[in-house]
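>>> sharing a model prediction with you, sequence too.
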Amino acid sequence: MTEKTVTVSNRAGIHARPAALIVQCTKNIKSSIFLEKNGDRINAKSIMGVITLGASYGSEIRIVAEGEDEAAAVEAVAKLFESKFEEA
């Protein structure tokens with residue numbers, strides 16, 4: 001299992017567009033990948049799950065993956081958070 005904690009740094013938080021980017025990023029990942037916030041765990045491959053996580057600006061999110069490409073999976077999703085989902 002590989003995990004990494006990231007902070008939501010885009011002002012609008014995770015709304016529809018960032019959620020779609022996360023799901024698109026994870027669609028070819030073979031590992032199981034989850035996002036965790038305040039004890040809630042959702043499947044990062046589910047757009048409804050990502051949106052309902054309710055991650056606003058400043059929220060700490062733990063990315064957790066388990067499987068054959070887990071390290072690459074965690075890093076790919078973490079890069080989205082670090083780039084502020086390509087928002088200003």
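Sure, I can see it.
>>> could you list the buried residues of stretch 63-71?
Across stretch 63-71, burial judged by 16 or more other CB atoms under 10 Å covers 63-65, 70. Where you see a C-beta, it was placed from the backbone N, CA and C, and this is true even at glycine.
>>> now stretch 15-25
For stretch 15-25, a neighbour-count test (16+ other CB under 10 Å) marks 18-19, 21-23, 25 as buried.
>>> could you identify the longest helix within this protein?
Ordering each helix of the chain by length in residues (DSSP state H) puts helix 70-82 first.
>>> what packs against that one?
Secondary-structure packing of helix 70-82 (3 or more CB pairs under 8 Å, 6 or more residues apart in numbering; DSSP states H and E): strand 2-7, helix 16-26, strand 32-37, strand 60-66.
>>> okay, the buried residues of stretch 15-25 in a markdown table with distance to K45 and pLDDT next?
Output for those, formatted as a markdown table (distance: CB to CB, whole Å; pLDDT from 0 to 100):
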| residue | distance to K45 | pLDDT |
| --- | --- | --- |
| P18 | 15 | 96 |
| A19 | 11 | 97 |
| L21 | 13 | 96 |
| I22 | 9 | 97 |
| V23 | 6 | 97 |
| C25 | 10 | 96 |
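>>> returning to that earlier point: and the longest helix of the chain with helix 16-26, angle?
Here helix 70-82 points in a direction 160 degrees away from that of helix 16-26 (axes from the mean of the first three to the mean of the last three CA atoms, to 10 degrees).
>>> in helix 70-82, what counts as buried?
Using 16+ other CB under 10 Å as the test for burial, helix 70-82 gives 70, 73-74, 76-77, 80-81.
>>> ok, now stretch 48-59?
Neighbour counts over stretch 48-59 (16+ other CB under 10 Å) mark 49-51, 53, 55, 59 as buried.
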